[in-house]
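Asks: The amino acid sequence is not available; the structure is as follows:
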DNA sequence: CGATTGCCTTTTGTCTACAGTCTACTGAGC
DNA sequence: GCTCAGTAGACTGTAGACAAAAGGCAATCG
């Protein structure tokens, strides 16, 4: 026990900058997902290093991590290139996402108590409000938060980690068309909450599966309507 | 098109050593999975570097990759430690594995032609032979090969990648007890092949699910019987 | 005798330098 | 005019060196 009379949360924890490679990683991921770095673009280590004001080393480490996670392709002795999503890959990612999310819904239905339900309902309310207000970016954020919450309630850390990566990449592919699926999406969220509250595993699984399948179909409609 | 009259596979590809970090990565992974490096052990970069005859840099890069894949925990400014599997984590991992493998079985049933069936049957025959001969290591290898083949037939690269990582970690946790599940396992493999050959997606899914669930139960029996 | 504080060792985090390799361009030969 | 060899440039892959942070130990003060 600390014998100083300081109140618990008063000390701002003296924000440590954290490892440089982490921040470089975050920065690059941000640049990629926002399309500031376009697919296929050649990433030169020294350029990025100079641009970010660090040495090549942290940049290298960040690039390698991005490589293992599928964001960039690392061609030997040639450099890093932003990964170019293919139609097939997007479809496969969506398949996996459906699988993981559906399982998360099932586990959430099995484990969640009233506290969790309340949290979901709050997020859902916020989301519906954001849709009504036409705040597109906020809707996207809240949608991610909702799914993340379901994942959290599932209580499977391994599953959550995998789904986190898959989701982020799906969102990357999907961003250009994410705008159109607004209202209907939150209706489905409501149904999911109900199923979880009833602890109906099968129902929750099916609703989530249908929900992410709708997302996939929206994605595929992209080409025709674009 | 190459105009040289050389046969296609004749040139031994002039074996390039490949990036050092890759080889270091493989080496460390081998050391971890074989328990040469025990869970919780502190991995010192300079030691590993000296031991492997390389500089610290490739070791660092390998460690970071191992970190993102969950093999080691990288505590800031303190170093790398071999990850210590917990009971809970093992269970979650097995859950995810069941999920991924079952989906792979479903997709394999949907896509596989006669060539694929033949390949599976060959692997299965080899496996049964190895069980009969009591060649334990070979059985483990063939089991992995069989599941990898099913995954390949599923034709979903993303799914395969995820399952590959999960499987490898499961096998790490599971190795000490992997010995006991021999004969029964290959009977189930036979059933799975039949379901895939019939293109019965539901049946294939269920068989694979039951199969990996058996594995999980075997794992949990470990404590009592050990 | 116990707690605290300062120093010291160890290890990581970062930067700079050098060597190997691939690409693209230039110029000569056919 | 086209092809091919040669060469120069650029970038990555690797190594070594320096600085900063964390943990451990001992000496000191209460």
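Replies: Perfect, thanks for sending it. Nothing here was measured: the structure is a model prediction, and the numbers come from that model. Numbering: from 1, shown residues only, chains lettered A, B, ... in the order given.
Asks: OK, contacts around the residue most central in space within chain A?
Replies: If you average the C-alpha coordinates of chain A and look for the closest C-alpha using CA atoms, centre = their mean, you land on residue A:168, 3.5 Å from that point. Going by CB atoms under 8 Å, 6 or more residues apart in numbering or on different chains, residue A:168 touches residue A:33. Glycine gets a C-beta too; all of them are placed from N, C-alpha and C.
Asks: Quick check: it vs chain B, distance?
Replies: Taking CB to the nearest CB, to the nearest Å as the measure, residue A:168 falls 13 Å from chain B.
Asks: go on, residue A:96?
Replies: Residue A:96 sits 5 Å away from chain B when distances are taken as CB to the nearest CB.
Asks: Shouldn't that residue be within a helix?
Replies: Yes - looking at residue A:96 with DSSP: H, G, I helix; E, B strand; the rest coil, it is inside a helix.
Asks: ok, residue A:106 touching residue A:200?
Replies: No - with contact defined as CB atoms under 8 Å, residue A:106 does not reach residue A:200; the gap is 9.6 Å.
Asks: Which one's more surrounded, those two?
Replies: The neighbour count for residue A:106 versus residue A:200, taken as other CB atoms under 10 Å in any protein chain shown, is higher for residue A:106 (23 against 16).
Asks: Which element, helix or strand, includes residue A:80?
Replies: strand A:79-82 (DSSP states H and E).
Asks: same for that strand, what does it pack against?
Replies: strand A:42-43, helix A:56-68, strand A:72-75 (3 or more CB pairs under 8 Å, 6 or more residues apart in numbering or on different chains; DSSP states H and E).
Asks: any chance of the ones you listed in CSV, with mean pLDDT, distance to residue B:173 and mean neighbour count too?
Replies: Shown next, in CSV, are those (pLDDT from 0 to 100; distance: least, CB to CB, whole Å; neighbours: other CB atoms under 10 Å in any protein chain shown):
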stretch, mean pLDDT, distance to residue B:173, mean neighbour count
strand A:42-43, 90, 37, 16
helix A:56-68, 90, 21, 20
strand A:72-75, 90, 30, 17
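Asks: Adding distance to chain B, write the ones you listed out as a markdown table.
Replies: A markdown table is the format used below for those (distance: least, CB to the nearest CB, whole Å):
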| stretch | distance to chain B |
| --- | --- |
| strand A:42-43 | 17 |
| helix A:56-68 | 6 |
| strand A:72-75 | 9 |
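Asks: one step back: what separates the strand holding residue A:80 from the chain centre, distance-wise?
Replies: Shown here is strand A:79-82, whose average C-alpha point lies 22 Å from the average C-alpha point of the whole chain (CA atoms, centre = their mean, to the nearest Å).
Asks: Direction included, what does that strand pair up with?
Replies: Partners of strand A:79-82 in the sheet, by DSSP bridges, are strand A:42-43 (antiparallel), strand A:72-75 (antiparallel).
Asks: what's the least confident helix or strand in chain A, going by average pLDDT?
Replies: Every helix and strand of chain A was ranked by mean pLDDT, DSSP states H and E. The lowest is helix A:201-225, at a mean of 83.
Asks: Close to chain B: what parts of chain A are there?
Replies: When proximity is defined as CB under 8 Å from any CB of the partner chain, chain A approaches chain B at A:18-19, A:21, A:60-61, A:64-65, A:68-70, A:76, A:89, A:92-93, A:95-96, A:99-100, A:103, A:156-159, A:161-162, A:166.
Asks: on that earlier part again, tell me which of the helices and strands packed on strand A:79-82 sits nearest to DNA strand C.
Replies: Taking CB to the nearest atom of the strand as the criterion, DNA strand C comes closest to helix A:56-68 out of the helices and strands packed on strand A:79-82, the separation being 4.0 Å.
Asks: Mind listing residues that contact that closest one?
Replies: Counting by CB under 8 Å, 6+ apart, residues outside helix A:56-68 touching it are A:19-21, A:24-25, A:28-29, A:32, A:43, A:45-46, A:48-49, A:52, A:72-74, A:80, B:21, B:60-61, B:64-65, B:68-69.
Asks: tell me, which of these make contact with DNA strand C?
Replies: The residues of the contacts of helix A:56-68 that also fall near DNA strand C, by CB under 7 Å from any atom of the strand, are A:19, A:20, A:21, B:60.
Asks: Mark which of these are part of helices, please.
Replies: For those, membership in helices holds for A:20, A:21, B:60, with DSSP state H as the criterion.
Asks: quick one: contacts for the second one?
Replies: Which is residue A:21. Taking CB under 8 Å, 6+ apart as the definition of contact, the neighbours of residue A:21 are A:58, A:61, A:62, A:65, B:64.
Asks: let's see it at 7 Å
Replies: A:58, A:61, A:62 (CB atoms under 7 Å, 6 or more residues apart in numbering or on different chains).
Asks: And it, how close does it get to residue B:71?
Replies: The spacing between residue A:21 and residue B:71, counted by CB to CB, to the nearest Å, is 18 Å.
Asks: All set, thanks.
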